[in-house]
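*Asks:* Sequence isn't available, so here's the structure alone:
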């Protein structure tokens, strides 16, 4: 099972405040543990929304909206992609994520299961499923 572990944005991250050296060191140690355990597939921090854009689709109209975005509670500061045996295992790992000391506000992590190709079988033809699998294999081979 694959899970996306989403690190929610806070005011400091949205303001572009970088983590201190201790938190960077603690996060690197945690990431090394994830890799050693074969859990981590990917993980990155994201720049603040002021450096981003949103692309909105409405019928035939496509609109590009420049950041920053107003509602920081709904923004993503970073993510991991983990492969684990269960949601409970993902939760156990998430409980070990290092937290910054002296934060002004609570931190929040969201855990969402990633769809696997075979889960689309009720609405996808065997050809579509095979094409999707070949595409995933090609992406994996490129990196």
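*Replies:* Good, I have the coordinates. As the structure is a computational prediction, the values presented were derived from the model and not from experiment.

*Asks:* Do you know the pLDDT at the nearest residue to residue 52 once chain neighbours are set aside?
*Replies:* When the adjacent residues along the chain are set aside, residue 52 lies closest to residue 67, with 4.4 Å between them (C-beta to C-beta, 6 or more residues apart in numbering). (Each C-beta comes from the backbone N, C-alpha and C, glycine too.) Looking at residue 67, its pLDDT stands at 92.

*Asks:* Tell me the spacing between the spatially most central residue of the chain and residue 129.
*Replies:* Centroid-nearest residue in the chain: residue 79, 2.7 Å away (criterion: C-alpha atoms, centre = their mean). According to C-beta to C-beta, to the nearest Å, residue 79 and residue 129 sit 26 Å apart.

*Asks:* got it, and residue 52?
*Replies:* 33 Å.

*Asks:* Mind listing what's buried along the lowest-mean-pLDDT helix or strand in the chain?
*Replies:* When each helix and strand of the chain is scored by mean pLDDT, DSSP states H and E, helix 11-14 comes last, with a mean of 83. Going by neighbour count (16 or more other C-beta atoms under 10 Å), the buried part of helix 11-14 is 12-14.
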